[in-house]
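Undergrad: Based on what follows, work out the 3D shape:
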Amino acid sequence: MHIEVGVLADLGHAALCRAGMKDTDARLSAEVLVLADSWGIFTHGIKNLPGYLRRIDAGGIRRDGQPRVIAEGPAWAIVDGAQSLGMVGSVFAMDLALAKARSAGFGYVGLGNSCHFGAAGCYAVRAAHDGMLGWAMANDTPTVTAPGARGAVLGSNPFAFAAPVEGEDPLLLDFATSTVAGGKLFAAAAEGRKVPEGWVVDDAGRPTTDPSVWPKAGALTPMAGHKGYGIALMIEVLSAVVTQGPAMAEVLSWSFADPSLPTGHSAAFLAMNVRAMPGGEALGRRLAEMARRIRALPKAPEGGRILLPGEREWAFRKRALREGLELPGDVAHAVDRLRERCGIQP
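TA: Coordinates of the predicted model:
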């Protein structure tokens, strides 16, 4: 399916409005989802909207949920997401972290009582666009094993970091702490493809290339073994433990759990206002010089260009805005379902 980026966002907006969300929240949420699609991260974009709508219809996500601050200090805040759609609470929390950083130099905002928030980079990049450093992360229902464990221990707890680069698109690092995001296994299973060994283990903890064993059995592997496990645990602390929210197996799956129940996801958002520090105004310029030096380094044979984190995604987005998106089959199917829901002809 070929579709323009703006048309895809309009469709998501229309579907959320039809589900009863207010116009501004629906538009914001659709734009966050389509931003991920425009980066080529189709596993975290509009494909997930039918699943969110199912939870909205059943009551697990509140269509009228409005996040609110329940405790705060000069450089921190705790936000109750009010069971709102993950994008609504996450943008609220990230923007609050930015406001804290403008006044205090640094801001931490923990978000509880939320749901799946999509691609973490969509929030971290808001800081980079404001000239700051930004971090975004969240916990999830356990799907990833740990060294020495047989089953799932933690979620694939995503992490993102963004920084402004003068004259260029922001530096953008966005990854799941599993070897790959679970959405890639869903996509492979839907297309009947095998996955590389090392992505998933079966219910006995043995490596397998069959993506269909998960999530009913087995677990994803942590990226870089014990290192990924440790990073995921750090994210669990910053997002769930600090906010006193559900942790580990207390978090429900937004895809498979009873859609009438809140999932209990938590997230954390941090912003650093480097401009408030001595020489901080040079941050973007220094990062641009760092990028130039990295690209000028000797290349491996047939290595091509040395890319910075996010460079591939920004190039994909520019092409998508210019030429439109070619949606994979599973995403196209989700778009067809949204069209049917909204009564829109292809």
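
Undergrad: List the single closest residue to residue 136 in space, sequence neighbours excluded.
TA: Spatial nearest neighbour of residue 136, chain neighbours left out: residue 123 (3.9 Å); criterion: Cβ to Cβ, 6 or more residues apart in numbering. From N, CA and C alone the C-beta is placed, and that goes for glycine too.

Undergrad: before we move on, what about residue 9?
TA: Using Cβ to Cβ, 6+ apart, the closest residue to residue 9 is residue 34 (4.4 Å).

Undergrad: then the helix or strand where the one you found lies to PDB, C-alphas only?
TA: In this structure, residue 34 sits in helix 23-38 according to DSSP states H and E. Below are the C-alpha coordinates for helix 23-38, written out as PDB (Å, rounded to 0.1, in the frame of the first residue of the first chain):
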ATOM      1  CA  ASP A  23      -9.600  16.400  18.800                       C
ATOM      2  CA  THR A  24      -6.300  17.700  20.200                       C
ATOM      3  CA  ASP A  25      -5.300  14.400  21.900                       C
ATOM      4  CA  ALA A  26      -6.400  12.400  18.800                       C
ATOM      5  CA  ARG A  27      -4.300  14.600  16.500                       C
ATOM      6  CA  LEU A  28      -1.200  14.500  18.800                       C
ATOM      7  CA  SER A  29      -1.400  10.700  19.200                       C
ATOM      8  CA  ALA A  30      -1.800  10.100  15.500                       C
ATOM      9  CA  GLU A  31       1.200  12.300  14.700                       C
ATOM     10  CA  VAL A  32       3.400  10.500  17.200                       C
ATOM     11  CA  LEU A  33       2.500   7.100  15.600                       C
ATOM     12  CA  VAL A  34       3.000   8.300  12.100                       C
ATOM     13  CA  LEU A  35       6.300   9.900  13.100                       C
ATOM     14  CA  ALA A  36       7.500   6.400  13.900                       C
ATOM     15  CA  ASP A  37       6.200   5.100  10.500                       C
ATOM     16  CA  SER A  38       8.000   7.900   8.700                       C
END
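
Undergrad: Pull out the buried residues from that helix.
TA: For helix 23-38, the neighbour count (16 or more other Cβ atoms under 10 Å) marks 25-38 as buried.

Undergrad: picking up where we left off before, read off the pLDDT value for the residue nearest to residue 9.
TA: Per-residue confidence (pLDDT) for residue 34: 98.

Undergrad: what does residue 275 give?
TA: 93.

Undergrad: So what touches the helix holding residue 34?
TA: 5, 8-13, 15-17, 21, 42, 44-46, 48-49, 84-85, 87-88, 90-91, 118-119, 121-122, 316-317, 320-321, 325, 327, 331 (Cβ atoms under 8 Å, 6 or more residues apart in numbering).

Undergrad: Next: stretch 128-136.
TA: 90, 94, 97-98, 101, 120-127, 158-164, 170-172, 267-275, 283-284.

Undergrad: one step back: for residue 255, see how far away the residue nearest to residue 9 is.
TA: Per Cβ to Cβ, to the nearest Å, residue 34 is found 20 Å from residue 255.

Undergrad: any idea how far residue 37 lies from residue 61?
TA: 20 Å.

Undergrad: for this structure, longest helix please?
TA: In the chain, with assignment by DSSP state H, the single longest helix is helix 86-104.

Undergrad: what comes up buried for it?
TA: Residues of helix 86-104 classed as buried: 86-98, 100-101, 104 (neighbour count, 16+ other Cβ under 10 Å).
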